[in-house]
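Visitor: I would like the atomic coordinates for the input below:
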Amino acid sequence: MRSPRYTILIANRRTGAVRRLTVSRRTLALGLTILLGVPSLVALGSRGADVAEVEALRAMNETLQLENDSYREATGELTTQISALQMALSELSDEAELDAATRRAIEKLPAVVRSRAAGGSPSGAAAPATTTPPAQTPETTFGILRDLLGSLESRLETVRSRIENEQALARATPATWPIIGWLTSGYGSRKDPFTGRPDFHSGLDISANRGTPIKATADGTVEAAAYQGNYGNAVLIDHGFGLSTRYGHMSGFRVRAGQKVKRGEVIGYVGATGRATSSHLHYEILLNGQAINPLRLLAK
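Guide: The predicted structure follows:
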């Protein structure tokens with residue numbers, strides 16, 4: 001059976017001409033379907049594009065959130081490190097303070113001794129080469145901050161090492177008197193008290209009553225505590241940096257060889273042992289084994 005056919009009349013209002021278009025029902029149905037379906041397909045495509053755009057925006061937002069969290073964490077770490085550096089610098093500033101007498105004594109030490117404490121480290125780091133700065137992004141900014149912190153930490157270690165060495169030198173410098181008494185003989189040329197002939201005196205003779213406590217004039221390690229010929233009972237203390245001190249004519253010991261002592265610690269007592277005419281302390285300061293004038297370092 002043939003499909004019904006439909007005639008569509010198309011009239012031109014200006015000319016009055018009429019055109020006839022005959023189509024089958026199947027062709028008409030297909031045309032209507034296409035005519036009505038195109039807007040729906042366009043709407044569906046637009047909706048699909050909107051969903052994809054929303055998903056892309058959601059993914060970008062999650063990425064930005066992760067980056068913000070990462071930067072916030074990094075900022076917190078940088079702040080903590082900066083605070084730690086500030087505290088360390090403050091502590092170093094407090095530690096660097098020396099009393100006036102010790103400071104003067106260190107300044108009077110030979111340059112070779114002070115250079116040992118300095119360790120020969122350079123006074124400052126070389127300036128970085130000038131380069132074209134990179135584009136400022138969060139990554140480059142944090143990279144610059146991390147590099148700066150690394151440089152500060154390195155500088156802090158250098159400063160800390162120098163101050164620790166200076167503090168060690170301060171503790172090792174014989175800057176205090178071993179006893180309180182009368183200075184009866186100084187360093188240098190004098191008449192020998194036994195023969196009356198010219199003689200070189202390698203230290204100071206400080207007169208005091210027998211049994212007066214003798215104190216170490218700097219931190220160090222007792223190298224010897226024994227009878228030593230003309231010195232009688234004597235203590236030799238090694239302070240490091242090539243410095244040592246000797247205490248002679250003692251009546252008794254309070255320390256033994258190998259013992260570590262601190263400045264101000266009692267090491268023995270005044271006596272008249274060895275080549276001595278009366279109770280007194282013979283006190284020497286030695287630099288690399290050679291006697292120097294103790295008055296150069298002792299506080300007035």
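
Visitor: please make it C-alpha for all contacts and neighbour counts, starting now.
Guide: Fine.

Visitor: outline the domain layout of this protein.
Guide: 5-63, 64-121+136-172, 182-296 (automatic domain parsing).

Visitor: phi and psi next, for W182.
Guide: phi -90, psi 130 (degrees, to the nearest 10).

Visitor: adjacent strands (with direction) for the longest strand along the chain?
Guide: Ranked by residue count under DSSP state E, the longest strand found in the chain is strand 243-253. Strand 243-253 pairs in its sheet with strand 233-240 (antiparallel), strand 266-270 (antiparallel), strand 280-287 (antiparallel), by DSSP bridges.

Visitor: low-confidence ranges in the stretch 1-150 of the chain?
Guide: Along the stretch 1-150 of the chain, segments meeting pLDDT under 70 span 1-13, 15-58, 60-79, 82, 86, 89-90, 92-96, 116-146, 148-149.

Visitor: dump the strands paired with strand 243-253 into JSON lines; add mean neighbour count as well.
Guide: Shown next, in JSON lines, are those (neighbours: other Cα atoms under 10 Å):
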{"stretch": "strand 233-240", "mean neighbour count": "24"}
{"stretch": "strand 266-270", "mean neighbour count": "24"}
{"stretch": "strand 280-287", "mean neighbour count": "25"}
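
Visitor: for these, give me JSON lines that also has distance to R114 and mean pLDDT.
Guide: Formatted as JSON lines, those follow (distance: least, Cα to Cα, whole Å; pLDDT from 0 to 100):
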{"stretch": "strand 233-240", "distance to R114": "12", "mean pLDDT": "97"}
{"stretch": "strand 266-270", "distance to R114": "27", "mean pLDDT": "97"}
{"stretch": "strand 280-287", "distance to R114": "12", "mean pLDDT": "96"}
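
Visitor: what's the closest of these to D192?
Guide: D192 lies closest to strand 280-287 among these, at 14.1 Å (Cα to Cα).

Visitor: one step back: ok, residues contacting the longest strand of the chain?
Guide: Applying Cα atoms under 8 Å, 6 or more residues apart in numbering, the external contacts of strand 243-253 come out as 172-174, 210-211, 225, 231-239, 267-276, 279-289.

Visitor: quick check: bridge partners of D199?
Guide: Beta-bridge partners, per DSSP bridges, of D199: R190.

Visitor: show me where the protein has strands.
Guide: Under DSSP E, the chain gives strands at 5-11, 18-24, 182-185, 188-191, 198-201, 204-207, 213-215, 220-227, 233-240, 243-253, 260-261, 266-270, 280-287, 290-292.

Visitor: nearest to P110, out of those?
Guide: Closest among the strands of the chain, using Cα to Cα: strand 280-287, at 9.2 Å.

Visitor: if we can go back for a sec, then the longest strand of the chain to CSV, C-alphas only?
Guide: The C-alpha trace of strand 243-253 is given here as CSV (Å, rounded to 0.1, in the frame of the first residue of the first chain):
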residue,chain,number,x,y,z
LEU,A,243,99.7,29.3,77.0
SER,A,244,100.7,27.8,80.3
THR,A,245,101.4,29.0,83.8
ARG,A,246,103.8,27.8,86.6
TYR,A,247,103.4,28.2,90.3
GLY,A,248,106.5,27.6,92.5
HIS,A,249,107.7,27.3,96.1
MET,A,250,104.3,25.8,97.2
SER,A,251,103.9,24.3,100.6
GLY,A,252,101.4,21.7,99.3
PHE,A,253,99.2,20.7,96.4
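
Visitor: could you check the angle strand 220-227 makes with that strand?
Guide: 50 degrees (axes from the mean of the first three to the mean of the last three Cα atoms, to 10 degrees).

Visitor: which stretches of the stretch 151-300 of the chain have low pLDDT?
Guide: In the stretch 151-300 of the chain (pLDDT under 70), the answer is 152, 299-300.
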